[in-house]
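Q: with the sequence up front, the predicted model follows.
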Amino acid sequence: MINPSPQNNSTPRNAVIGDCPLCLAPTVPLKRSHIVSDFLWRDSGLTGKGRTFAMWSETHPQLNRSRVQTGLWEHLLCLKCEGQCGKLESYAKPVLFGATSPIVRRPTGHHVWTGLDYTRMKLFHMSILWRTAVSSLPFYAFVTLPDEEKETLRAMLLANDPGEPWQYGCLVDLLRYRNKPLLGIFSQPRRIPIRRDSCVRLILAGMQWFLFESKNKPQDAPIEAFLSLRGTWPLLQGEAEDFDYLRYEIADHKRRLLAHHRNQDT
């Protein structure tokens with residue numbers, strides 16, 4: 001990325017200039033883009049109205065912070081592509097956090113979400129997968145998709161093509177902690193295997209998102225639990241303490257915060 005030429009009077013003085021990774025337009029002003037949609041941070045209670053959250057990075061511990069006020073962003077997309085992603089977010093926000101959403105009104109057991117717009121919801125979670133994969137932010141260093149998959153995702157997003165349900169499908173697990181909804185938690189995204197398949201695991205907005213990274217039909221993943229063409233999406237529910245890595249992360253989070261407060265008191 002470079003600063004704009006002083007002769008270019010049509011470009012704002014402080015604009016960041018670079019190549020848009022979505023439409024591939026060269027040397028254009030790049031907008032401030034949240035890698036994971038801003039509303040997922042804000043509406044889950046992590047940011048906004050004076051709230052802060054703690055962020056720990058296994059890959060880059062120098063980035064560890066006990067008080068972060070906003071979701072992670074960088075200058076990534078051009079104005080047109082940022083607007084395209086914004087339209088997906090405008091659809092997803094009221095669906096995910098509206099009054100009747102199962103994220104807000106937690107069902108007592110496993111639940112099938114109905115009435116979803118397959119194209120827009122599918123493209124929304126595909127865009128999160130792609131943005132985490134192309135981001136230069138160190139916090140997303142664990143997300144290392146093959147170049148072929150990143151290019152296929154890019155082309156599908158640019159064409160507003162959600163593909164088949166099993167292409168870059170997503171499993172969602174609503175999280176509880178000691179039988180209460182667990183919303184205010186965020187974990188460093190990472191690429192993990194699930195038997196013979198591979199996905200990116202993201203913890204945010206009270207959910208585990210398992211974003212599968214292949215255009216090919218999964219070998220073992222339960223594709224019946226992916227968002228369907230009919231607009232239905234089965235939602236699982238899980239107790240955070242039943243997952244070893246979450247149990248460790250919650251305990252580690254408490255330990256780090258306690259140590260931080262002790263250091264401030266001394």
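A: On my side now, so go ahead.
Q: please enumerate the helices of the protein.
A: In chain order, the chain shows helices spanning 38-42, 79-97, 118-134, 147-158, 244-265, with DSSP state H as the criterion.
Q: ok, residue 34 - how many residues close by?
A: Residue 34 has 21 neighbouring residues, counting by other C-beta atoms under 10 Å. All C-beta atoms are positioned from the backbone trio N, CA, C, and that covers glycine.
Q: give me the pLDDT for it.
A: On pLDDT, residue 34 comes in at 90.
Q: shouldn't it be in contact with residue 72?
A: Yes: using C-beta atoms under 8 Å as the test, residue 34 is close enough to residue 72 to be in contact (7.0 Å).
Q: residue nearest the centroid of this structure?
A: With distances taken as C-alpha atoms, centre = their mean, residue 36 lies nearest the centre of the chain, 3.9 Å away.
Q: that one and residue 129 touch, don't they?
A: No: look at residue 36 against residue 129 with C-beta under 8 Å: they stay out of range, at 10.3 Å.
Q: look up how far residue 211 lies from residue 132.
A: Taken as C-beta to C-beta, to the nearest Å, the spacing of residue 132 relative to residue 211 amounts to 8 Å.
Q: next one: residue 134
A: Taking C-beta to C-beta, one finds residue 134 at 14 Å from residue 211.
Q: could you do residue 245 as well?
A: Look at residue 245 and residue 211: by C-beta to C-beta, they are 16 Å apart.
Q: which of these two has more residues huddled nearby?
A: residue 211 (24 against 13).
Q: hey, what's the more buried one bridged with?
A: residue 170, residue 200 (DSSP bridges).
Q: how far off centre is stretch 136-149?
A: Here the centre of mass of C-alpha atoms in stretch 136-149, compared against the chain's by C-alpha atoms, centre = their mean, to the nearest Å, lies 13 Å away.
Q: just the residues contacting stretch 81-100, thanks.
A: Applying C-beta atoms under 8 Å, 6 or more residues apart in numbering, the set of residues contacting stretch 81-100 from outside is 20, 22-23, 31, 33, 37-40, 43-44, 77, 101, 103-105, 116-117, 120-121, 123-124, 127, 131, 157-158, 160, 205.
Q: just for the stretch 1-150 of the chain, where's the confidence low?
A: Along the stretch 1-150 of the chain, the parts satisfying pLDDT under 70 run over 1-12, 44-48, 50-71.
Q: ranges for the strands of it?
A: For the stretch 1-150 of the chain, strands defined by DSSP state E, counting those that start in this stretch occupy the ranges 16-18, 28-34, 53-55, 65-68, 73-77, 111-113.
Q: what about residue 85, neighbour count?
A: Residue 85, neighbours per other C-beta under 10 Å, totals 23.
Q: ok, now how distant is it from residue 13?
A: Between residue 85 and residue 13 the distance is 25 Å, computed by C-beta to C-beta.
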